[in-house]
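1. coords please:
(one chain, ligands or ions: 1)
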Amino acid sequence: MEEKKVKQNAPYILDLEAGQHLWCACGQSTTDPICDLKTHKTLGFAPKRFELTEKKKVALCGCKQTKNPPYCDGTHAKL
Ligand code: FES
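-> Numbering: from 1, shown residues only. The predicted structure follows:
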């Protein structure tokens, strides 16, 4: 398994629709922070599935080091 890549040292602030989403855990998705359904397969990481019950603004972790995936928990500030 490769190390998680710190793609961005800040969260991605997105307006997401209600429903199921897949957060990229490997940091190498071509559609980061959303999983592109292929890149992680060669790296040994699985994306994190999460569900929103309504359209919502979210802060998804960009550094991939959060302890509360898929959400930013402030860990990026210590990197
Ligand atoms: S961007 Fe990863 S914890 Fe904030």
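2. Setting the sequence-adjacent residues aside, check what's closest to residue 11.
-> residue 72 (3.6 Å; CB to CB, 6 or more residues apart in numbering). C-beta: built from backbone N, CA, C; applies to glycine.
3. Tell me, how many residues neighbour the one you found?
-> Counted with other CB atoms under 10 Å, the neighbours of residue 72 add up to 22.
4. was I right about it contacting residue 59?
-> Yes: between residue 72 and residue 59 there is a contact under CB atoms under 8 Å: 4.4 Å.
5. who touches both of these two?
-> Taking CB atoms under 8 Å, 6 or more residues apart in numbering as the criterion, residue 72 and residue 59 both touch residue 11.
6. Write out the residues of this structure neighbouring the ligand.
-> 10, 11, 61, 62, 63, 65, 66, 72, 73, 74, 75, 76 (CB under 6 Å from any ligand atom).
7. Serialize the residues you listed to CSV and add fields for secondary structure and pLDDT.
-> Formatted as CSV, those follow (DSSP: H, G, I helix; E, B strand; the rest coil; pLDDT from 0 to 100):
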residue, secondary structure, pLDDT
10, coil, 96
11, coil, 97
61, coil, 97
62, coil, 95
63, coil, 94
65, coil, 93
66, coil, 95
72, coil, 98
73, coil, 97
74, coil, 97
75, helix, 95
76, helix, 94
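8. Top of these by number of neighbours, please.
-> Of all the residues of the chain next to the ligand, the highest neighbour tally under other CB under 10 Å goes to residue 61, namely 28 neighbours.
9. Could you give the backbone dihedrals for residue 19?
-> When read as degrees, to the nearest 10, the backbone of residue 19 gives phi 130, psi -170.
10. Name all residues that make contact with residue 66.
-> Remark: with contacts taken as CB under 8 Å, 6+ apart, residue 66 is in contact with 72, 73, 75, 76.
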